[in-house]
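Student: build the 3D model from these lines:
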Amino acid sequence: MIQRRYEISDEQWEQIKDMFPPYKTGRPSKLSERTMFNAFLWIARSGAAWRDLPEERYGSWKTVYSRFCKWRDTGLLVAIFQTLQVEPDFENLSIDSTSVKAHQHSAGAKKTPQDTK
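Tutor: Have a look, this model is predicted:
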């Protein structure tokens, strides 16, 4: 499978693929567990709303959201993320030590009418 932006790698999928519960009731999903999990990651990493999920890639946002709620409520997502954090890949890690200092006059001095124009 081609890894796209915001999706897990093949190595990460091998670590978690057996954690998903077997199918039980209702109509089986046309999408794989990996596709559903990648949809969750797309939402989390992009910051988009559920309705903005690309339907052509991940299917209906309602289906993905209901699966997310089910796995969240059962604790599966916590277990998956705990498994994946054991060996982090640090691919997207960014350490930034910059800071912005305020000017000495920004410490609450009274403003004169000339300053507010």
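Student: for the residue nearest in space to the middle of the chain, give me the pLDDT.
Tutor: When C-alpha atoms, centre = their mean is applied to the chain, the residue found nearest the centroid is Ala44 (2.2 Å). Listed pLDDT for Ala44 reads 89.
Student: ditto for Phe68
Tutor: 91.
Student: tell me how many other residues crowd it.
Tutor: Neighbour count for Phe68, taken as other C-beta atoms under 10 Å: 19. In short, each C-beta sits where N, CA and C put it, glycine included.
Student: right, and it touches Leu41 too?
Tutor: No: between Phe68 and Leu41 no contact is recorded; they are 10.7 Å apart, counting by C-beta atoms under 8 Å.
Student: quick one on the thing from earlier: who does the strand or helix carrying the residue nearest to the centre of the chain touch, helix- and strand-wise?
Tutor: Here Ala44, judged by DSSP states H and E, is contained in helix 33-46. Contacts defined by 3 or more C-beta pairs under 8 Å, 6 or more residues apart in numbering; DSSP states H and E place helix 33-46 against helix 55-58, helix 61-74.
Student: rerun that using 10 Å as the cut-off
Tutor: Helix 33-46 is packed against helix 10-16, helix 55-58, helix 61-74, helix 76-84, with contacts defined by 3 or more C-beta pairs under 10 Å, 6 or more residues apart in numbering; DSSP states H and E.
Student: wait, which of those is closest to His103?
Tutor: helix 76-84 (42.1 Å; C-beta to C-beta).
Student: circling back to that earlier point, quick one: closest of the helices and strands packed on helix 33-46 to Ser29.
Tutor: Judging these by C-beta to C-beta, what sits closest to Ser29 is helix 61-74, at 6.9 Å.
Student: save the helices and strands packed on helix 33-46 as TSV, and put in distance to Gly26 too.
Tutor: Below are these laid out as TSV (distance: least, C-beta to C-beta, whole Å):
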stretch	distance to Gly26
helix 10-16	23
helix 55-58	19
helix 61-74	11
helix 76-84	17
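Student: returning to what we had before: contact partners for the residue nearest to the centre of the chain?
Tutor: 6, 68 (C-beta atoms under 10 Å, 6 or more residues apart in numbering).
Student: and it, how far from Gln82?
Tutor: 16 Å (C-beta to C-beta, to the nearest Å).
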